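**Student:** coords please:
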Amino acid sequence: MEIKKDILWRVYVCFIGMLLFGVAILVKVFYIQQVEGPKWRSMSDSLHTRYVPIDADRGTIYSEDGSMLSTSIPYFDIRVDFAADGLRDKDGKIFKENVDSLAWSMAHLFGDRNAAEYKKLFYQGYKSMDRYFLLKRDIDFKQYLALRDFPMFRLGKNKGGMIAEPKNKRINPFRLLANRTIGLARENAQSVGLERTYDASLKGAAGKRLMRRISGGAYIPVDGSDIDPENGKDIITTLDVNIQDIAESALMNILTENEAQYGTCIVMEVKTGKIKAIANLGRQEDGSYYEDMNYALQVTEPGSTFKLATVISAFEDKYATMDDMVDINNGRWQFGKRTIFDSEPHPGITNVTIKHAFEISSNVGLAKVAYTFYKDHPNDFVKHLRRLHLDQPTGIDLLGEGQPVIKNTSSRTWSASTLPWMGFGYEVLISPLQTCMLYNAVANGGKMMKPYLVSAVQEYGQPIKTFEPAVVMDSICSSSTLRQVKKMLEGVIMNGTAKALWTPNYNFAGKTGTALMANGSHGYAEKIYQSSFAGYFPANHPLYTCVVVIRNKPHATKFYGGSVAGPVFREVADRLFAMNAEKERTPRKGIALDTALAMKTARTTTWKTIIETLELPMNDADMPGIKWVSAKVDTSHKVQFEPVSNEAGEVPDVVGMGLKDALYLLENAGLKVVVRGTGKVKKQSLPAGMSRSNEQTIVIELS
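**Tutor:** I've put the predicted structure just below:
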């Protein structure tokens with residue numbers, strides 16, 4: 001009995017243990033399901049699903065006139081769900097009925113494969129039941145619209161299986177135009193320009209898309225799970241596409257001609273500080289030029305354009321006026337162990353006015369101005385430079401602006417020669433944009449404006465933030481100083497280093513600069529010069545300030561600021577002056593005719609077109625069959641035509657005609673024509689009406 005009890009006791013213990021173990025399992029199951037359930041379910045889901053970001057539509061960057069400078073265009077990756085119910089239903093009836101026509105349509109649209117190859121590709125995906133089969137990458141919106149109307153695909157996702165994954169690509173419609181300033185929106189690299197500066201506004205907020213993992217490790221989107229992105233805002237810049245094109249074209253021409261290393265051209269609106277153009281071109285390895293760096297923001301030794309700051313300082317402290325004398329010593333001054341040379345030789349010239357020294361860009365003259373007046377208290381000169389904001393960046397709304405360097409007596413590199421060298425633009429570092437801001441202040445009557453590139457941020461066409469012109473200083477100097485420096489800047493064009501740029505059409509003011517640049521360990525041995533021109537136009541009522549800085553190749557034959565940077569300024573000024581003159585010209589109806597309307601002889605049809613276009617009063621006398629007429633104003637102040645005799649065998653009368661019409665008549669009459677001068681015909685060697693012979697020579701003189 002004892003053995004039986006012992007066995008039963010052991011059985012009971014095992015049973016109770018198993019019961020307790022089962023209860024523990026049930027408790028644990030309950031705990032896992034009810035308490036830890038959300039945790040494990042989310043972990044399970046995370047292994048099979050994941051969220052991927054949906055990029056927002058990046059905002060567009062516009063010019064001031066509404067032209068798109070940088071925008072996003074949609075591209076699509078096309079995939080096919082070959083396990084879609086509609087495609088597999090009824091033994092793949094829809095697929096088999098449409099695959100031939102779909103393959104032909106694909107071949108016709110893309111042309112990269114023939115229909116048979118596309119059909120084979122479709123069957124490959126169908127047999128594998130691939131739920132995320134990649135068909136095409138990066139198709140444009142026009143191709144996408146065509147694709148979704150193709151056989152099978154037009155039946156929708158469930159029956160046709162097409163999955164379109166949209167994405168955006170950033171493009172600059174004007175390509176090279178202001179490319180560095182506008183910038184590039186790069187996915188895996190640092191953006192630049194406005195794209196970088198205003199990235200937070202442009203990029204918007206990304207959305208989310210739930211993706212489910214399927215066999216093979218691929219992920220497909222879960223319908224209805226998307227969280228829509230918030231699109232980016234648009235940026236309205238101050239840039240003018242036409243002015244930018246003019247600046248870039250003018251700069252490109254000179255850089256190519258001189259094989260220069262790089263150059264920049266800035267155009268600023270005088271009254272507001274708006275940057276209307278900012279061109280930056282650097283020479284590439286293949287000899288072409290590209291907007292590779294924003295040279296307008298890089299600091300360098302400016303050279304002679306800095307002399308404006310020197311004379312402002314001296315005049316403001318009442319140490320001198322523009323009519324005071326300075327000894328330029330033939331363009332050479334020995335200062336301790338160093339020698340200051342004028343960029344252009346000035347043999348036989350000694351005592352000249354400060355104005356004339358400035359006009360001929362004498363380094364010796366301006367070095368002596370700085371040294372003579374500030375040698376005992378050089379920091380007073382430095383204070384003037386700082387007051388002109390030359391010791392700090394302009395604050396333009398572009399990241400990457402260089403840090404200027406204006407030394408003082410406590411600077412580690414200050415020496416006895418620093419002050420006179422600063423007087424003509426060496427031993428200081430400033431950017432072309434800082435130079436532009438200073439010259440613009442002179443053009444603007446002394447008021448210094450902060451340069452800026454963005455005038456508004458918009459959302460759905462409505463401005464949510466605007467930027468107004470900002471005044472940095474109400475006056476950079478006294479009216480007396482301003483009046484003198486304006487005369488000196490105009491004198492550079494009339495009598496100085498830029499007189500070759502003078503034009504009778506309008507007046508402008510400016511300063512040339514030619515600086516010898518160091519090249520790393522090579523020092524100054526390679527004779528690399530930086531050519532500059534800074535100025536504004538028209539001088540009497542300035543509209544624009546323009547600064548051009550070009551770094552030439554080593555040992556360039558042409559390197560003076562007036563002959564390298566000056567022509568770029570002049571071309572920009574000429575074209576902008578013509579553009580503004582055209583804008584200001586208003587249509588005139590009923591023009592009062594006077595003797596200024598000295599009309600030439602021409603075809604009757606040509607004259608009638610001109611008269612009708614200008615809406616001039618005309619005597620309507622009909623002259624059937626008359627091809628050539630002369631025009632004059634009659635006593636009733638109307639244009640009256642008179643026939644021009646052109647009898648066969650006689651020399652035509654071409655006096656008063658333009659060259660094109662005169663050549664037409666004379667050469668059709670069988671005469672050989674010799675042309676002298678330009679303008680319209682004032683004299684012909686063979687009198688009108690005389691008998692002529694073929695191949696006879698006639699000389700016409702143009703006025």
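
**Student:** and residue 540, what element?
**Tutor:** For residue 540, there is no enclosing helix or strand under DSSP states H and E.

**Student:** pLDDT score for the spatially closest residue to residue 653 that is not a sequence neighbour?
**Tutor:** Distances taken as Cβ to Cβ, 6 or more residues apart in numbering place residue 688 nearest to residue 653, at 3.3 Å, with adjacent residues excluded. For the C-beta atoms, the positions are set from N, CA and C on the backbone; glycine is no exception. Residue 688 carries a pLDDT value of 76.

**Student:** okay, now residue 688: neighbour count?
**Tutor:** Residue 688 is surrounded by 14 other residues when neighbours are defined as other Cβ atoms under 10 Å.

**Student:** that one touches residue 651, doesn't it?
**Tutor:** Yes. Applying Cβ atoms under 8 Å, one finds residue 688 in contact with residue 651, separated by 5.7 Å.

**Student:** for the stretch 501-650 of the chain, what spans make up the strands?
**Tutor:** Along the stretch 501-650 of the chain, the stretches classed as strands by DSSP state E, counting those that start in this stretch are 509-517, 528-537, 544-551, 602-603, 628-633, 639-643.

**Student:** lowest mean pLDDT across these, which one is that?
**Tutor:** Set side by side, the strands of the stretch 501-650 of the chain give their lowest mean pLDDT on strand 602-603, at a mean of 59.

**Student:** quick revisit: you'd agree the residue nearest to residue 653 is in a strand?
**Tutor:** No. Counting by DSSP: H, G, I helix; E, B strand; the rest coil, residue 688 is not found in a strand; it is coil.

**Student:** how about the contacts made by it?
**Tutor:** Neighbour list for residue 688: 645, 650-655 [criterion: Cβ atoms under 8 Å, 6 or more residues apart in numbering].

**Student:** do you know how far it is from residue 205?
**Tutor:** In this structure, residue 688 and residue 205 are separated by 81 Å, where distance is defined by Cβ to Cβ, to the nearest Å.

**Student:** report the mean per-residue pLDDT for the helix or strand residue 429 falls within.
**Tutor:** Taking DSSP H and E as the definition, residue 429 sits inside strand 428-429. Mean per-residue pLDDT for strand 428-429: 96.

**Student:** after it, which helix or strand is next?
**Tutor:** Beyond strand 428-429 on the C-terminal side, the first helix or strand identified by DSSP H and E is helix 432-443.

**Student:** which positions in that next one come out as buried?
**Tutor:** 432-443 (16 or more other Cβ atoms under 10 Å).

**Student:** that helix to strand 544-551, inter-axis angle?
**Tutor:** Put simply, helix 432-443 runs at 150 degrees to strand 544-551, going by axes from the mean of the first three to the mean of the last three Cα atoms, to 10 degrees.

**Student:** tell me what helix 432-443 is packed against?
**Tutor:** Counting contacts by 3 or more Cβ pairs under 8 Å, 6 or more residues apart in numbering; DSSP states H and E, helix 432-443 is packed against strand 262-269, helix 307-316, strand 448-449, helix 479-495, strand 509-517, strand 528-537, strand 544-551.

**Student:** mind putting those into a markdown table with mean neighbour count?
**Tutor:** What follows is the helices and strands packed on helix 432-443, written out as a markdown table (neighbours: other Cβ atoms under 10 Å):
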| stretch | mean neighbour count |
| --- | --- |
| strand 262-269 | 27 |
| helix 307-316 | 24 |
| strand 448-449 | 22 |
| helix 479-495 | 19 |
| strand 509-517 | 26 |
| strand 528-537 | 28 |
| strand 544-551 | 29 |
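
**Student:** tell me which of the ones you listed sits nearest to residue 10.
**Tutor:** When those are compared by Cβ to Cβ, strand 262-269 sits nearest residue 10, at 97.2 Å.

**Student:** and the helix or strand just after the closest one, what does it pack onto?
**Tutor:** As assigned by DSSP H and E, the chain's next helix or strand after strand 262-269 is strand 275-283. Helices and strands in packing contact with strand 275-283 are listed as helix 179-182, helix 241-258, strand 262-269, strand 289-290; criterion 3+ Cβ pairs under 8 Å, 6+ apart.

**Student:** of those, flag the one that's most buried.
**Tutor:** Counting by mean count of other Cβ atoms under 10 Å, strand 262-269 has the highest mean neighbour count of the helices and strands packed on strand 275-283, with a mean of 27.

**Student:** what mean pLDDT does stretch 563-578 get?
**Tutor:** This predicted structure assigns stretch 563-578 an average pLDDT of 95.

**Student:** top strand in this structure by residue count?
**Tutor:** Among the elements of the chain assigned as strand by DSSP state E, the one spanning the most residues is strand 68-80.

**Student:** who does it pair up with?
**Tutor:** strand 61-62 (antiparallel), strand 133-140 (antiparallel), strand 162-171 (antiparallel) (DSSP bridges).

**Student:** which among those strands is found nearest to residue 419?
**Tutor:** Taking Cβ to Cβ as the criterion, residue 419 comes closest to strand 61-62 out of those, the separation being 44.7 Å.

**Student:** contacts for that closest one, please.
**Tutor:** Contacts of strand 61-62 from elsewhere in the structure, counted by Cβ under 8 Å, 6+ apart, are 68-71, 182, 194-195, 202, 234-237.

**Student:** pick out the most distant pair among these.
**Tutor:** Distances among those were taken as Cβ to Cβ; the most separated pair is 195 and 236, at 14.6 Å.

**Student:** who's more crowded, those two?
**Tutor:** In this comparison of residue 195 against residue 236, neighbours counted by other Cβ under 10 Å, the higher total goes to residue 195 at 23 against 19.

**Student:** against residue 525, how distant is the more buried one?
**Tutor:** 40 Å.

**Student:** residue 250 too?
**Tutor:** Taking Cβ to Cβ as the measure, residue 250 falls 31 Å from residue 525.

**Student:** now do the SS call for residue 94.
**Tutor:** The local conformation at residue 94, judged by three-state DSSP, is helix.

**Student:** which residues sit in contact with residue 198?
**Tutor:** Each residue near residue 198 by Cβ under 8 Å, 6+ apart is listed here: 235, 397, 454, 457.

**Student:** if you rank those residues by neighbours, which is first?
**Tutor:** With neighbours set by other Cβ under 10 Å, the maximum within the contacts of residue 198 is found at residue 235, which has 25 neighbours.

**Student:** and the strand or helix carrying that residue, what's its mean pLDDT?
**Tutor:** The secondary structure element spanning residue 235 is strand 234-237 (assigned by DSSP H and E). For strand 234-237, mean pLDDT is 90.

**Student:** pairing partners for it, with directions?
**Tutor:** For strand 234-237, the paired strands and their directions (DSSP bridges) are strand 61-62 (parallel), strand 454-459 (antiparallel).

**Student:** what's the most buried one of these?
**Tutor:** Greatest average neighbour count among the strands paired with strand 234-237 goes to strand 61-62 (a mean of 24), per mean count of other Cβ under 10 Å.

**Student:** how far does that strand sit from the chain's center?
**Tutor:** Once both centres are worked out by Cα atoms, centre = their mean, to the nearest Å, strand 61-62 turns out to sit 11 Å from its chain's centre.

**Student:** same question for stretch 333-341.
**Tutor:** Shown here is stretch 333-341, whose average C-alpha point lies 42 Å from the average C-alpha point of the whole chain (Cα atoms, centre = their mean).

**Student:** which single one of the contacts of strand 61-62 is nearest to residue 401?
**Tutor:** Taking the contacts of strand 61-62 together and measuring to residue 401 by Cβ to Cβ, the closest member is residue 194, at 13.3 Å.

**Student:** outside of the helix or strand hosting that closest one itself, list whatever touches it.
**Tutor:** Here residue 194 sits within helix 193-197, counting by DSSP H and E. Residues outside helix 193-197 that contact it (Cβ under 8 Å, 6+ apart) are 61, 70, 170, 180-185, 190, 202, 235, 237, 294, 397-399, 453-454.

**Student:** for the protein, longest helix please?
**Tutor:** The residue-count maximum for a helix in the chain (DSSP state H) belongs to helix 2-30.

**Student:** all good on my end, thank you.
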